[in-house]
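[1] Sharing a model that was predicted from the sequence below.
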Amino acid sequence: MENCAIIHEFLDYLKFEKHFSEHTAKCYNADLKQFCQHLTGGETGSSDWHKESGGVATQTKTNVEQLLLTLTTDSVRVYMVHLNDKQYSKSTTARKLATLRSFYKFLVKRGHIDSNPVTAVRTPKQDKKLPKFLEYDQVKKLLETPPADSWLGARDRAIMETLYGTGVRVSELVALNIEDVDFLGEVLHVRGKGKKERISPIGSSALQTIQHYMEFRNRRAQSNGNFDSKVLFVNKHGKRLSTRSVRRKMDKYLKMAGLDPSISPHTLRHSFATHMLNNGADLRSVQELLGHQSLSTTQIYTHLTTKRLKEVYDGAHPRDEQADKIHNS
């Protein structure tokens, strides 16, 4: 695979034309590498793949690029069966199929092949899994856990306030620069997936914690010449924080607050969306705030607000009120 030119061409397209992150490109690369290993019999239990799928070649030393360019729809279906036999989750199988679909769409676009053999393969039906979210009193407890009288505590409080106050992704948060915070306009300039930019409103509570943190940060920067002058959230050495660092910090505060340790920084994003909808925000606005390309992605949060809507209905519908009077008379 290391010498497969069309895969390298595809990965360059993702990074330099689609502006995908290095991490996302690596995930695509890993999925394609696994698929190529399967094609060449490199995975256990896949040596009969070509015979079963009607593939063009039957020897494991066959040129990988030629196998990719002559792939059939039946071959893709056999690969899906293989993943199922290996007990991959439906979500993982769907992601691997999406990688192949994008790859072959690219090959058609670039004229390497005439048609996409993956198009006719259906994505496995996903189990409906609602995102986990925190009740407001839990969020409040978590946000108030970091000590506000130390510079790292002030930073961590500002990080979590920003995550909950705006609903930004953790990757978007660590990418923020100081100039991205408009204190006067009370908005953030966020660089989302595919380097798409959006304006995200930020409340006074989060802005105050950022300002408090900045006072500590600026004093530290004066005595440390290694501080990156443009980055908003820095580590103790003055360099940009990583998403993994944010997760470690949050794990610490979850333990201190006595909250569920399985909660992640992304849970604050889910909590933001759920609380916004619960308090009257419309779905389209929440879609814009979250930076979702499709409204269907945002609609999962409506499942979380059904209980509240039922309570509102039960307490407000005149026929229900009349029925209660008759029942109690």
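    Received, thanks.
[2] so where's the protein uncertain?
    Low-confidence segments of the chain, defined by pLDDT under 70: 1-3, 42-62, 126-130, 296-313, 315, 317-329.
[3] what's the spacing between the one residue sitting closest to the centre of the chain and residue 28?
    Nearest to the geometric centre of the chain sits residue 169, at 7.0 Å (Cα atoms, centre = their mean). Using Cβ to Cβ, to the nearest Å, residue 169 is found at 19 Å from residue 28. Where you see a C-beta, it was placed from the backbone N, CA and C, and this is true even at glycine.
[4] Residue 282 too?
    Using Cβ to Cβ, we find residue 282 at a distance of 35 Å from residue 28.
[5] more crowded one of the two?
    Taking other Cβ atoms under 10 Å, residue 282 and residue 28 do not tie; residue 28 has more neighbours (22 against 9).
[6] How about the secondary structure of that one?
    helix (DSSP: H, G, I helix; E, B strand; the rest coil).
[7] Would you agree it is in contact with residue 100?
    No. Contact status for residue 28 versus residue 100: not in contact, 9.9 Å apart, counting by Cβ atoms under 8 Å.
[8] Is residue 200 in a helix, a strand, or coil?
    Note that with three-state DSSP, the state of residue 200 is strand.
[9] Next, the contact list for the residue nearest to the centre of the chain, please.
    With contacts defined as Cβ atoms under 8 Å, 6 or more residues apart in numbering, residue 169 is in contact with 192, 193, 266, 269, 291.
[10] Could you list which residues are in contact with the nearest residue to residue 237 once chain neighbours are set aside?
    Counting by Cβ to Cβ, 6 or more residues apart in numbering, residue 237 lies nearest to residue 226, which is 6.4 Å off, once chain neighbours are set aside. Under the criterion of Cβ under 8 Å, 6+ apart, the neighbours of residue 226 are 237, 238, 239.
[11] And those residues, which is closest to residue 63?
    Using Cβ to Cβ, the shortest approach to residue 63 within the contacts of residue 226 belongs to residue 239, at 44.1 Å.
[12] pretty sure that closest one is touching residue 229, no?
    No. Counting by Cβ under 8 Å, residue 239 stays clear of residue 229, with 11.5 Å between them.
[13] So for the two, which residue has more residues nearby?
    Between residue 239 and residue 229, counting by other Cβ under 10 Å, residue 239 is the more crowded of the two (12 against 9).
[14] Leaving out sequence neighbours, find the closest residue to the more buried one.
    Nearest one to residue 239, counting by Cβ to Cβ, 6+ apart, is residue 228 at 5.8 Å.
[15] and what of residue 31?
    Here the nearest residue to residue 31 in space, its sequence neighbours aside, is residue 99; by Cβ to Cβ, 6+ apart that works out to 3.9 Å.
[16] which residues sit in contact with that neighbour?
    27, 28, 31, 32, 35.
[17] count of residues packed around the fourth one?
    Okay, so that is residue 32. By other Cβ under 10 Å, 22 other residues sit near residue 32.
[18] now the one 5 residues further on
    The local packing count at residue 37 equals 15, with neighbours defined by other Cβ under 10 Å.
[19] repeat for residue 170
    Every residue meeting other Cβ under 10 Å relative to residue 170 is counted, giving 22.
[20] Against residue 222, how distant is it?
    For residue 170 relative to residue 222 (Cβ to Cβ), the value is 29 Å.
[21] same check, this time on residue 146
    Residue 146 is 23 Å from residue 222, where distance means Cβ to Cβ.
[22] Compare those two (neighbour count), which wins?
    A direct count of neighbours by other Cβ under 10 Å for residue 146 and residue 222 places residue 146 higher, at 24 against 9.
[23] So what does the more buried one look like in phi/psi?
    Note on residue 146: its backbone torsions stand at phi -60, psi 140 [degrees, to the nearest 10].
[24] so who does it touch?
    With contacts defined as Cβ under 8 Å, 6+ apart, residue 146 is in contact with 153, 154, 156, 157, 160, 253.
[25] from what I can see residue 269 touches residue 163, true?
    Yes. With contact taken as Cβ under 8 Å, residue 269 and residue 163 are classed as touching, separated by 6.6 Å.
[26] Among those two, which residue is more densely surrounded?
    Between residue 269 and residue 163, counted using other Cβ under 10 Å, the more crowded position is residue 163 (25 against 22).
[27] I appreciate the help and will end here.
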